[in-house]
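1. Model the following, please.
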Amino acid sequence: METGGPGTDVPNHPKVVLVTGACRFLGGYLTARLAQNPLIEKVIAVDAIAPSKDLQRRMGRAEFVRADIRNPFIAKVIRNSDVDTVVHAAAASYAPRSGGRATLKELNVMGAMQLFAACQKAPRVRRVILKSTSEIYGSNPHDPVAHTEDSSSRRPLGEGFGHDSLDIEGYARGLARRRPDISVTILRLANMIGPAMDTALARFLSGPLLLTLVGRDARLQLLHEQDALGALEWASMAGRSGTFNVGADGIVMMSQAIRRAGRLSLPVPTFLLRTVDALGKARMTSEVTREQLDYLSYGRVMDTTRMRTELGFEPKWTTLEAFDDFVLGRGLKPIIDPEWVLSAEGRALALARRWGTVSVGQGG
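-> Take a look at the predicted model:
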């Protein structure tokens with residue numbers, strides 16, 4: 001799945017960088033980081049909505065342009081500003097309040113098509129960085145121990161974010177074929193977590209009672225939100241063409257994550273969990289998709305060898321460190337006081353011994 005060909009790596013640092021999705025967490029904070037780099041002459045932040053005053057202040061010297069990347073106007077912005085580097089961080093995993101799945105697909109896929117078409121026509125563009133996702137691999141009980149960049153989903157992806165991302169990657173590779181002078185970098189980010197970033201996984205793990213599937217214990221490979229920003233910044237400066245899995249070292253089992261977050265787990269059969277989710281969708285209170293249910297059941301782990309050896313990026317947080325920072329940063333407190341649990345266990349053991357159901361020295 002390599003993009004571009006030999007000789008497409010661009011050794012020189014960028015001069016004019018355009019970042020899409022500037023009002024989202026990754027796009028906004030990446031803009032702020034790039035704007036602090038003295039090697040970059042100009043940073044242009046693009047989004048269809050205006051940033052908050054706080055975010056605009058964080059962006060520093062970056063220039064904000066309010067534009068919908070589905071509109072041909074984006075081509076004029078790229079051409080007139082002599083943009084040489086484009087970071088596409090606008091793809092969203094959840095639908096806006098004003099629209100459903102169809103609206104989300106149009107924003108994601110049509111926006112990418114228009115943006116890459118504009119890059120193709122802009123003679124000064126030399127590198128494009130795409131924020132993609134590990135969701136393109138899906139989650140399946142027959143998955144390999146770790147997906148490599150050449151892996152694919154074990155079954156066709158549903159009409160969700162993973163499917164959108166696979167389409168968007170295809171358009172990025174098409175750009176690389178038509179413009180071999182452009183270095184195209186695709187970063188497949190593992191599920192992100194951290195104190196500040198709002199994700200479906202973070203919301204799930206923040207609930208007091210978590211419905212899990214009987215007999216399932218997903219393997220989770222995570223990526224700290226700051227490492228996600230670091231990878232995008234690194235790729236923007238390095239200009240290394242290719243497709244790269246980006247994830248932290250190690251894994252955490254779902255059961256372990258639930259305990260470390262101090263949550264309570266309620267294992268239920270698959271049919272019951274899907275029924276609960278279907279009722280939630282009917283009442284417009286659920287956002288869980290089939291792909292997300294599969295992820296919570298089986299998890300997902302990627303091989304990140306290429307990230308280290310070819311991209312040259314090394315995350316600062318391990319999966320477990322990233323998760324613990326999320327718990328600490330969100331101020332998650334145990335639902336049941338651990339001291340109370342130990343006390344209750346002690347009282348139960350003492351009562352059992354008193355009634356002779358547990359013999360002292362026999363351990364039960």
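2. from here on, contacts and neighbour counts on C-alpha atoms
-> Noted.
3. Could you report the neighbour count for residue 71?
-> Neighbours of residue 71 under the rule other Cα atoms under 10 Å: 12.
4. out of everything not next to it in sequence, what's closest to it?
-> Using Cα to Cα, 6 or more residues apart in numbering and skipping residues adjacent in sequence, the residue nearest residue 71 is residue 114, 7.2 Å away.
5. what stretches of the stretch 1-150 of the chain score poorly on pLDDT?
-> 1-11, 93-102 (pLDDT under 70).
6. which residues of it fall in helices?
-> Here the stretch 1-150 of the chain has its helices, by DSSP state H, counting those that start in this stretch, at 25-35, 53-58, 73-80, 101-105, 111-121.
7. would you list these in TSV and tack on distance to residue 221 and mean neighbour count?
-> Shown next, in TSV, are those (distance: least, Cα to Cα, whole Å; neighbours: other Cα atoms under 10 Å):
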stretch	distance to residue 221	mean neighbour count
helix 25-35	19	23
helix 53-58	29	14
helix 73-80	35	17
helix 101-105	26	16
helix 111-121	27	21
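8. residues contacting the residue nearest to residue 71?
-> Each residue near residue 114 by Cα atoms under 8 Å, 6 or more residues apart in numbering is listed here: 69-72.
9. mind running it again at 7 Å?
-> Applying Cα atoms under 7 Å, 6 or more residues apart in numbering to residue 114 gives the contacts 69-70, 72.
10. A ChimeraX selection for those, restricted to the buried ones, would help me check which they are.
-> This is the ChimeraX syntax for the buried subset of the contacts of residue 114, where burial follows 16 or more other Cα atoms under 10 Å:
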select :69,70
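11. Could I get the contacts of residue 114 in a markdown table, plus columns for distance to residue 260?
-> What follows is these, written out as a markdown table (distance: Cα to Cα, whole Å):
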| residue | distance to residue 260 |
| --- | --- |
| 69 | 41 |
| 70 | 43 |
| 72 | 48 |
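12. Which single one of the contacts of residue 114 is nearest to residue 237?
-> Distance to residue 237, by Cα to Cα, is smallest for residue 69 among the contacts of residue 114, at 22.9 Å.
13. Setting aside sequence neighbours, what's the nearest residue to the closest one?
-> Excluding its sequence neighbours, the residue lying closest to residue 69 (Cα to Cα, 6+ apart) is residue 111, at 5.2 Å.
14. Any figure for the gap between the one you found and residue 147?
-> 28 Å (Cα to Cα, to the nearest Å).
15. Kindly report the same for residue 39.
-> 36 Å.
16. on that earlier part again, quick check, nearest of the contacts of residue 114 to residue 253?
-> Nearest to residue 253 out of these is residue 69 (Cα to Cα; 38.7 Å).
17. distance of that closest one from residue 31?
-> As for residue 69, its distance to residue 31 is 17 Å (criterion: Cα to Cα).
18. Kindly report the same for residue 82.
-> Distance, residue 82 to residue 31, by Cα to Cα: 17 Å.
19. With residue 198 instead?
-> For residue 198, the distance to residue 31 - Cα to Cα - is 18 Å.
20. Same check on residue 133?
-> The gap separating residue 133 from residue 31 is 20 Å, by Cα to Cα.
21. now do residue 331
-> From residue 331 over to residue 31 (counting by Cα to Cα), the distance is 28 Å.
22. Also residue 109?
-> Using Cα to Cα, one gets 22 Å for the distance from residue 109 to residue 31.
23. still on that earlier bit, for the contacts of residue 114, which one is nearest residue 183?
-> Minimum distance to residue 183 across the contacts of residue 114 is 20.6 Å, recorded for residue 69 (Cα to Cα).
24. Am I right that that closest one is in contact with residue 110?
-> No: Residue 69 is beyond contact range of residue 110, at 8.5 Å (criterion: Cα atoms under 7 Å).
25. Can you list the buried residues in stretch 167-182?
-> 167-169, 171-176, 179-182.
26. Please produce JSON lines containing those, extended by distance to residue 215, pLDDT and secondary structure.
-> Formatted as JSON lines, these follow (distance: Cα to Cα, whole Å; pLDDT from 0 to 100; DSSP: H, G, I helix; E, B strand; the rest coil):
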{"residue": "167", "distance to residue 215": "34", "pLDDT": "93", "secondary structure": "helix"}
{"residue": "168", "distance to residue 215": "35", "pLDDT": "95", "secondary structure": "helix"}
{"residue": "169", "distance to residue 215": "35", "pLDDT": "96", "secondary structure": "helix"}
{"residue": "171", "distance to residue 215": "39", "pLDDT": "96", "secondary structure": "helix"}
{"residue": "172", "distance to residue 215": "39", "pLDDT": "97", "secondary structure": "helix"}
{"residue": "173", "distance to residue 215": "40", "pLDDT": "96", "secondary structure": "helix"}
{"residue": "174", "distance to residue 215": "42", "pLDDT": "97", "secondary structure": "helix"}
{"residue": "175", "distance to residue 215": "44", "pLDDT": "97", "secondary structure": "helix"}
{"residue": "176", "distance to residue 215": "44", "pLDDT": "97", "secondary structure": "helix"}
{"residue": "179", "distance to residue 215": "49", "pLDDT": "97", "secondary structure": "coil"}
{"residue": "180", "distance to residue 215": "49", "pLDDT": "97", "secondary structure": "coil"}
{"residue": "181", "distance to residue 215": "51", "pLDDT": "96", "secondary structure": "coil"}
{"residue": "182", "distance to residue 215": "48", "pLDDT": "97", "secondary structure": "coil"}
